Structures are given as C-alpha cells and as structure tokens.
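> Have a look; sequence and predicted model below, questions after that.
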Amino acid sequence: MRNGCALGILGTFFLAWHIFGTVIVFQMKDCDTTGNVSRHCFSTTSILLPYCNAQLYWYTYGDIIAKWIIIGLAAIGGVIYLITVKLLRD
C-alpha cells in the first residue's frame, strides 16, 4: 500500500511539473523578430545568458507536444481497458 501511495504522489508531481513546463515553453516568443527583451524569449543570434537557445527551445517544444500525445493515448487506452474489463466481468 505504501508503494502505491508513493507512486501516486510521484506521478502527480511529474504531471504538475509537465504542466508548468508547458506553460513556460508555450508563452515564449522569438526575441529576434519581436524585439522583446524579456526573460521569456529565445534567440538564434544572441548567446547572452538571459535568452534561451533556439535549438533547445524547439527541442523542448517538440518533446512537450510528443509527451502530451502519449499522455492522451495512455488515457484513451486506460479508458478502453476499464470498459473492456467491466464488460468482461458482467
């Protein structure tokens, strides 16, 4: 029972962390085209520390989208599994 509780807490933390990362990454803009000089932008020309590297940004952007697709497919698979188990029991 303790192991299941710890895994539930850990899973909740990772989901919250993923949602937080999604919010941060999706609100970023390109500093080079917008002229924005806030900390929430990425740059292909500047190597200054306050800006995120464009390659890292686009990798993270694609990774987050792929993870949301996997989470959605896992949720759909879980629902289908629960429905089939319930139908097979009855």
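Arrived safely, thanks for sending.

> what number of residues lie near S43?
By the criterion of other CB atoms under 10 Å, S43 has 19 neighbours. Where C-beta positions appear, they are placed from N, C-alpha and C, glycine not excepted.

> How about A54?
Neighbourhood size, A54 [other CB under 10 Å]: 17.

> Could you double-check that it lies in contact with S43?
Yes. Using CB atoms under 8 Å, A54 is in contact with S43, at 6.4 Å.

> So for those two, which residues contact both of them?
D30 (CB atoms under 8 Å, 6 or more residues apart in numbering).

> For the chain, which helix or strand comes out least confident on mean pLDDT?
helix 31-34 (a mean of 61; mean pLDDT, DSSP states H and E).

> From I76, how far off is L88?
19 Å (CB to CB, to the nearest Å).

> Between the two, point out the one with more neighbours.
I76 (10 against 7).

> quick one: buried residues of the helix or strand harbouring the more buried one?
If you go by DSSP states H and E, I76 is part of helix 54-89. Of the residues in helix 54-89, A54, Y57, T60, I64 count as buried by neighbour count, 16 or more other CB atoms under 10 Å.

> same for it, what does it pack against?
Other elements packing on helix 54-89 under the criterion 3 or more CB pairs under 8 Å, 6 or more residues apart in numbering; DSSP states H and E are helix 2-26, strand 41-43.

> for the longest one, the distance to its chain's centre please.
Right, helix 2-26. 10 Å (CA atoms, centre = their mean, to the nearest Å).
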